[in-house]
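1. pasting the structure only:
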């Protein structure tokens, strides 16, 4: 056991840190909380990703042959942490870089890798995922969007929901049913769908925070060439699970840095409000510190293990349960410390931190739902880790 | 960066598991806990042969000269096997002696010839070293673990107002058992009336030695708690797989399955925190003391909660004397209390972390 960074990792960290220090746009911190259209914001983030791509920082974990940096997993973790530490803007193509690119690398053929990967890195093409449906959320394999073979193309019909970045996406990793006659997990196929195809409609979904991170996607007789099948026909469940493992595994790496920053900020606020001497406040702050630290230790352990075994495993579900529930408790603690100020929203002159705590409280409600509900994560832990019989 | 055991650390852990499975199965735990001192001299001797009693003691003093991570790995296995007796007490005493810059008795501790303990608490039941009030070697210490078999007791007291550590010989004072929840470790009240002893350290040296010894013992305790949690979880999961109601294993019902999943989250998280604390202490990391408190806060609550679920999942059987879960459940409570519970350590974190962070910028209020 050695938690010190190796000389190579240290050198990598210093290089990353220096680059961010010199290149993170100075206006981002103010701009982050400012009112602007989603489209304008998105173009800003796309330009930022392009800048990172040009400097060789997009897809650090991807193999060099696919335009990545071939960094070790530890270096990737360092990269994500440094990015969070520098308060850098997120990259526009979050899902392409984190989930769909790795899926194409794992399951795609050479032509697909050559066609899609470079444009994911450069943010020239933005990606979304078409997984959940109105009647297939946690029970994803029950999805009913169907694709029927017609010569050299599939004809796709159906509806998807909860699509992050759907409104900005050029392409979609879409899971469809190609064989309704077999058991539900066996008749699925993953298609790469051009969002500009005829018959694709995108509608934004407004969420409780007032934002529209998510969309609904409608597919009406959309033609998708069979060349766009990723993996094998009717082997889509394995491909989709590969994507979700990435979602639950490495996706949260920058979170603990953000949580620690939020914690530090909350302690400052508690001091300012003369509440840091209150024994109950001290207990709650110390509990938050404990949980954020334990999350950090859990992640270090999990990343070490992925580094050895090569793939994220069901242990990712433990992380997901931990960080999502932690954040909800933390946001409640923040509300209690701020009292009447906590509820003030963006635009209120007296709001603390321009209303980000009101937003954070509401947004954290989604944490135990997005990327697999806490209940589904506990099913995964129960069945795949503890070996208990499947409940459904 | 590598957060996991090295090959040699893993070998030590595997050997410890095999050793305790053979030498201290739960039938032995039950036999030993029925004895007056909950200690078995033969088992102690076998542990000494394995080097387990001198993991941290330098090689030149007859120990293994290993570090906290190795100690944590051993403690985890001991917690899993619920090994009764004065291991943790002796560890705390030996750590205090060494941290005070002395090598006295260390060789005999490593060889199993003598056992020690650390007498810290008094009637106030406060784990804060500032609360130590006994003047010299006259007065009373309470809740002293396994003092019944301790040949040498490290005693925290006041010497002309300053904190001091004394080495006191176990046969020169009066020991009264304090029967308590954990059947595998005994607590004692000690009455000192000019007991035979010598000054080990005083003032700043004593304070630093005490802090270091308590941190070492606390980190080891957290690893031990993790091992206990692991075992309780395994018992509950095994039961949930085999016990059938309404024609199905109860572990198929999500109400039961999710309790087991929670047990895993808590156990794994405690493990991460315990090993991080061990590593941080070994490497004198700047956050080492806070890391010890983080581990103790987390595992104190988690160990109790895993115990609660461990009993609940096993239903009526979990509430019986013959089911082993209550032995762990009892241990969980005494471990939660030992060296300060979660509330105590949260306040310690507040002092170590929160009080050090001042309001730097205006927040509009």
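-> Nice, I can see it. Quick caveat: nothing in here was measured; it's all calculated off a predicted structure.
2. My understanding was that residue B:89 contacts residue B:109; is that so?
-> No - taking C-beta atoms under 8 Å as the definition, residue B:89 is not a contact partner of residue B:109, at 11.2 Å. Every residue, glycine included, has its C-beta placed from N, CA and C.
3. Leaving out sequence neighbours, find the closest residue to residue 145.
-> Assuming you mean chain A. Counting by C-beta to C-beta, 6 or more residues apart in numbering or on different chains, residue A:145 lies nearest to residue A:158, which is 2.5 Å off, once chain neighbours are set aside.
4. look at chain B instead
-> Leaving aside its sequence neighbours, residue B:145 sits nearest to residue B:89 (C-beta to C-beta, 6+ apart; 4.2 Å).
5. wait, doesn't the residue nearest to residue A:145 sit right on residue A:135?
-> No - contact criterion C-beta under 8 Å: residue A:158 and residue A:135 do not qualify, at 10.5 Å.
6. returning to what we had before: spell out which residues are contacts of both of residue B:89 and residue B:109.
-> Common neighbours of residue B:89 and residue B:109, counting by C-beta atoms under 8 Å, 6 or more residues apart in numbering or on different chains, are B:115-116.
7. Spell out the secondary structure type for the spatially most central residue of chain B.
-> The residue lying closest to the centre of chain B (C-alpha atoms, centre = their mean) is residue B:221, at 2.6 Å. Classification of residue B:221 using DSSP: H, G, I helix; E, B strand; the rest coil returns helix.
8. just residue A:49 next, same as before
-> From three-state DSSP, the assignment for residue A:49 is helix.
9. what sits against it?
-> Applying C-beta under 8 Å, 6+ apart to residue A:49 gives the contacts A:58, A:91-93, A:122-123.
10. Near chain A, which residues of the stretch 201-350 of chain B are found?
-> Applying C-beta under 8 Å from any C-beta of the partner chain, one finds that the stretch 201-350 of chain B approaches chain A through B:237, B:240-241, B:248-249, B:251-254, B:257-258, B:260-262, B:264-265, B:268-269, B:271-273, B:275-276, B:279, B:283, B:290-291, B:293-294, B:297-298, B:343, B:345-347, B:349-350.
11. Please work out how many residues are found near residue A:105.
-> Residue A:105 is flanked by 19 other residues according to other C-beta atoms under 10 Å in any protein chain shown.
12. The one 5 residues further on too?
-> Residue A:110 sits with 7 neighbouring residues when counted by other C-beta under 10 Å.
13. looking at it, residue A:382 is touching residue A:388, isn't it?
-> Yes - under the criterion of C-beta under 8 Å, residue A:382 makes contact with residue A:388 at 4.5 Å.
14. element containing the closest residue to residue A:62 other than its chain neighbours, please.
-> Nearest residue to residue A:62, sequence neighbours excluded (C-beta to C-beta, 6+ apart): residue A:68, at 2.4 Å. Secondary structure assignment for residue A:68, by DSSP states H and E: no helix or strand.
15. for residue A:68, what are its contacts?
-> Counted by C-beta under 8 Å, 6+ apart, residue A:68 has contacts A:58-62, A:121.
16. next one: residue B:33
-> B:84, B:183-184, B:327.
17. Stretch A:4-16 - what's its average pLDDT?
-> For stretch A:4-16, mean pLDDT is 95.
18. Next one: it, is it in contact with chain B?
-> Yes - using C-beta under 8 Å from any C-beta, we find that stretch A:4-16 touches chain B at A:4-6, A:9.
19. just checking, next helix/strand downstream of the strand or helix carrying residue A:114?
-> In this assignment (DSSP H and E), residue A:114 forms part of helix A:110-121. Downstream of helix A:110-121, the first helix or strand assigned by DSSP H and E is strand A:127-130.
20. Can you tell me what sits against the helix or strand that that next one is followed by?
-> Next along the chain after strand A:127-130, taking DSSP H and E as the criterion, comes strand A:146-150. Strand A:146-150 is contacted by residues A:154-158, A:176-178, A:180, A:189, A:191, A:223-224, A:226 when judged by C-beta under 8 Å, 6+ apart.
21. can you tell me which two in these are farthest apart?
-> A:180 and A:223 (19.8 Å; C-beta to C-beta).
22. in a helix, that's where residue B:192 is, yeah?
-> No - using three-state DSSP, the assignment for residue B:192 is strand, not a helix.
23. so it makes contact with residue B:138?
-> Yes - under the criterion of C-beta under 8 Å, residue B:192 makes contact with residue B:138 at 5.8 Å.
24. What count of nearby residues applies to residue B:75?
-> Residues lying near residue B:75 (other C-beta under 10 Å) number 30.
25. does it belong to a helix or a strand, and which?
-> Here residue B:75 is assigned to helix B:68-81, by DSSP H and E.
26. Give me the neighbour count for residue A:196.
-> Residues within reach of residue A:196, counting by other C-beta under 10 Å, total 8.
27. okay, it: pLDDT?
-> Looking at residue A:196, its pLDDT stands at 97.
28. Give me the phi and psi for it.
-> Note on residue A:196: its backbone torsions stand at phi -90, psi 0 [degrees, to the nearest 10].
29. Could I get the contacting residues of it?
-> residue A:170.
30. which residues make contact with the helix holding residue A:114 from outside it?
-> Contacts to helix A:110-121, defined as C-beta under 8 Å, 6+ apart, come from residues A:53, A:58-59, A:62, A:66-68, A:93, A:96-97, A:100-101, A:104-105, A:108, A:124-125, A:127, A:171, A:192, A:227-228, A:230.
31. what does stretch A:275-285 give?
-> Stretch A:275-285 has contacts (C-beta under 8 Å, 6+ apart) with A:263, A:266-267, A:270, A:333, A:336-337, B:343, B:346-347, B:350, B:354-355.
32. With stretch A:356-374 instead?
-> A:33, A:138, A:162, A:207-209, A:244, A:247-248, A:251, A:262, A:317, A:320-321, A:323-325, A:327-328, A:330-332, A:334-335, A:338, A:342-346, A:351, A:380.
33. which residues in the chain form helices?
-> If you meant another chain, say so; for now it's chain A. Under the criterion DSSP state H, chain A contains helices at A:7-23, A:28-32, A:38-54, A:73-85, A:94-95, A:101-107, A:110-121, A:236-249, A:255-272, A:279-309, A:315-338, A:356-365, A:374-380.
34. ah, no, chain B please
-> Along chain B, the stretches classed as helices by DSSP H are B:7-23, B:26-33, B:41-50, B:68-81, B:87-99, B:106-111, B:203-242, B:254-282, B:288-313, B:315-318, B:325-337, B:342-349.
35. I'd like the ones you listed laid out as JSON lines, including mean pLDDT.
-> As requested, the helices of chain B are exported to JSON lines (pLDDT from 0 to 100):
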{"stretch": "helix B:7-23", "mean pLDDT": "97"}
{"stretch": "helix B:26-33", "mean pLDDT": "98"}
{"stretch": "helix B:41-50", "mean pLDDT": "98"}
{"stretch": "helix B:68-81", "mean pLDDT": "98"}
{"stretch": "helix B:87-99", "mean pLDDT": "98"}
{"stretch": "helix B:106-111", "mean pLDDT": "98"}
{"stretch": "helix B:203-242", "mean pLDDT": "98"}
{"stretch": "helix B:254-282", "mean pLDDT": "98"}
{"stretch": "helix B:288-313", "mean pLDDT": "98"}
{"stretch": "helix B:315-318", "mean pLDDT": "97"}
{"stretch": "helix B:325-337", "mean pLDDT": "98"}
{"stretch": "helix B:342-349", "mean pLDDT": "98"}
